[in-house]
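Enquirer: curious how this folds, go ahead:
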Amino acid sequence: MTNPSRSAPPAVTRLALFTDTWLPQVNGVARTLDRLVTECHRRGIATMVVTPEDGSAAPTAAHYELKRWPARPFWAYPQLHMATPSTVRARALLESFRPDLVHVSTPFGVGLSGRQAARALSLPLVSSYHTHFTAYLKHYRLQHLDALSWPFLRWFHNGGLATFAPTQHVADQLSAQGFRGTAVWSRGIDTVRFHPARRSLERRRAQGVPDDALLCCYVGRLAPEKGIDVAMEALRPLLAAQPDRLRFLLVGDGPAETRLRESAPAGVLFAGRQEGDALAECYASSDVFVFPSVTETFGNVVLEAMASGLCVVSHHAGPTYEFAHNGTAYPVDVTSPDVLRAAVHTLMHDAPRRAALAAAGLREAQRRDWASVWAKLFSHYTHVLNDAHEPVAAPAGCPGKIAEPAASSEQ
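Expert: Purely as a prediction, here's the structure:
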């Protein structure tokens, strides 16, 4: 796996992707990685995806190799299936597929195996950071792991030549934690699918929404770390006071769904998991997107809501604020029910402000095309391969020029 020519920078021709979440799971990580594999196919790059079995009968696509490992549901999150780490199995797959780059996206069974096998075979290795697992611990009663989480994640990601973060905010956080070689791999948006023209009065009526009511919506996993309880507490008095003028639609499923249904006040609607055009209609048929999560690394759904012409209420700090600011959203402290309630109450009675925020958000979304995102990522890939084939590694402090640490001296 040497560079056949020093006359031009090496390019990726065969990519091995190790991930513990994959289609048909509906989450931002799986959807982003699916887009990556599709773009690889468009560029003529052979791709192998290694991921756990999830109990589904989803068909495999013809444009990549899919290798699924036996797995069991994770006890704290049954929708997520976990595989037992196996460096031997991962190494055999890599020796057979012979990639020129290995990309690991999760630090668990499959991702951990891919990391270890790639290092054992001296293959160029990169990782991507998608989820603030450290922020999830308290929501799943795993606080006792907090002292170990950052050291483990730092060890995991520093085993490669680069770590891709979805926003500059997250990249800066990782650098502050001692991660080396961080770079930004942002996200784009499909503005054909997610568009204000998808608005449907029929869908609103079918969901029981009065024509003149303000429809707030949340799209995403119904999980403890998403802050949905705070949003329901915030909207409960407004829903009770003006039952004909407000509705709150939850689109998605997850481990907290049963509990949320049991505690939801009148006026909270559940649409379940939606995909494709049905999901696009749910967005566009709403008026205000309420996103109470503070654990995001990007917030794909916020960008989808903006592209759909919604006024967005999101957190006033962190990754979502990075692209939902300067008048493109209504930033507030979403951890405070009182503050969140005041924001929705204001927007209920200020249609011009809703329209102005929605228009600004739409303009922001429309400039975030996937083509530029992929151009930057594959340029990073090329630099990583070039660095991997350098006869002498540059100093570890030089961005993008990180010497591969010896297996016996990982930090």
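Enquirer: what strand or helix carries the nearest residue to His345 once chain neighbours are set aside?
Expert: The spatial neighbour of His345 that comes closest, neighbours along the chain excluded (Cβ to Cβ, 6 or more residues apart in numbering), is Leu238 at 6.2 Å. (Each C-beta comes from the backbone N, C-alpha and C, glycine too.) Following DSSP states H and E, one finds Leu238 within helix 228-241.
Enquirer: what is the least confident helix or strand in the protein?
Expert: helix 133-136 (a mean of 58; mean pLDDT, DSSP states H and E).
Enquirer: quick one: low-confidence residue ranges for the stretch 201-350 of the chain.
Expert: Per-residue confidence for the stretch 201-350 of the chain (pLDDT under 70) gives no ranges below the cut-off.
Enquirer: ok, which stretches of it are helices?
Expert: Under the criterion DSSP state H, counting those that start in this stretch, the stretch 201-350 of the chain contains helices at 201-206, 228-241, 257-263, 276-284, 300-307, 319-323, 337-348.
Enquirer: was I right about the residue nearest to His345 contacting Leu246?
Expert: Yes - using Cβ atoms under 8 Å, Leu238 and Leu246 qualify as a contacting pair, with a distance of 5.5 Å.
Enquirer: between these two, which has more neighbouring residues?
Expert: For Leu238 and Leu246, the more surrounded residue by other Cβ atoms under 10 Å is Leu246, and the numbers stand at 23 against 20.
Enquirer: from His81, how far out is the more buried one?
Expert: Counting by Cβ to Cβ, to the nearest Å, the gap from Leu246 to His81 is 38 Å.
Enquirer: any buried residues in the top helix by length along the chain, and which?
Expert: Determined from DSSP state H, the single longest helix within the chain is helix 370-388. Using 16 or more other Cβ atoms under 10 Å as the burial criterion, the residues of helix 370-388 that qualify are 370, 373-374, 377-378, 380-388.
Enquirer: quick check, nearest of the residues you listed to Asp338?
Expert: Ranked by distance to Asp338 (Cβ to Cβ), these are led by Val373 at 37.5 Å.
Enquirer: run through the residues that contact the closest one.
Expert: The neighbourhood of Val373, defined by Cβ atoms under 8 Å, 6 or more residues apart in numbering, consists of Trp185, Ser186, Arg187, Gly188.
Enquirer: want to try a markdown table for those, with pLDDT and distance to Val332 as columns?
Expert: Formatted as a markdown table, the entries for the contacts of Val373 read as follows, by pLDDT from 0 to 100; distance: Cβ to Cβ, whole Å:
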| residue | pLDDT | distance to Val332 |
| --- | --- | --- |
| Trp185 | 97 | 28 |
| Ser186 | 95 | 24 |
| Arg187 | 95 | 23 |
| Gly188 | 95 | 26 |
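Enquirer: relative to helix 337-348, how tilted is the helix holding Leu238?
Expert: What separates the directions of helix 228-241 and helix 337-348 is an angle of 50 degrees, with axes from the mean of the first three to the mean of the last three Cα atoms, to 10 degrees.
Enquirer: show me what helix 228-241 is in contact with.
Expert: Applying Cβ under 8 Å, 6+ apart, the external contacts of helix 228-241 come out as 216, 218, 222, 246-248, 250, 256, 260, 263-268, 290, 292, 334-338, 340-341, 344-345, 348.
Enquirer: OK, contacts around Leu249?
Expert: With contacts taken as Cβ under 8 Å, 6+ apart, Leu249 has the following neighbours: Gln207, Val209, Leu215, Cys216, Cys217, Tyr218, Val268, Leu269, Phe270, Ala271, Cys282, Ser286.
Enquirer: the second one: neighbour count?
Expert: Other residues near Val209 come to 21 when the count uses other Cβ under 10 Å.
Enquirer: now do the contacts for it.
Expert: Under the criterion of Cβ under 8 Å, 6+ apart, the neighbours of Val209 are Leu215, Arg247, Leu249, Leu269.
Enquirer: any idea how far Gly111 is from the residue nearest to the first one when sequence neighbours are not counted?
Expert: Okay, so that is Leu215. Nearest in space to Leu215, with sequence neighbours left out and distances taken as Cβ to Cβ, 6+ apart, is Ser286 at 4.6 Å. As for Ser286, its distance to Gly111 is 35 Å (criterion: Cβ to Cβ).
Enquirer: neighbour count for the two, which is higher?
Expert: More neighbours surround Ser286 than the other of Ser286 and Gly111, with 29 against 26 (other Cβ under 10 Å).
Enquirer: tell me if I'm right that that one and Tyr218 touch.
Expert: No - assessed by Cβ under 8 Å, Ser286 is found out of contact with Tyr218, at 9.4 Å.
Enquirer: state the distance from Lys226 to Gly44.
Expert: Counting by Cβ to Cβ, the separation of Lys226 from Gly44 is 38 Å.
Enquirer: nothing else from me, thank you.
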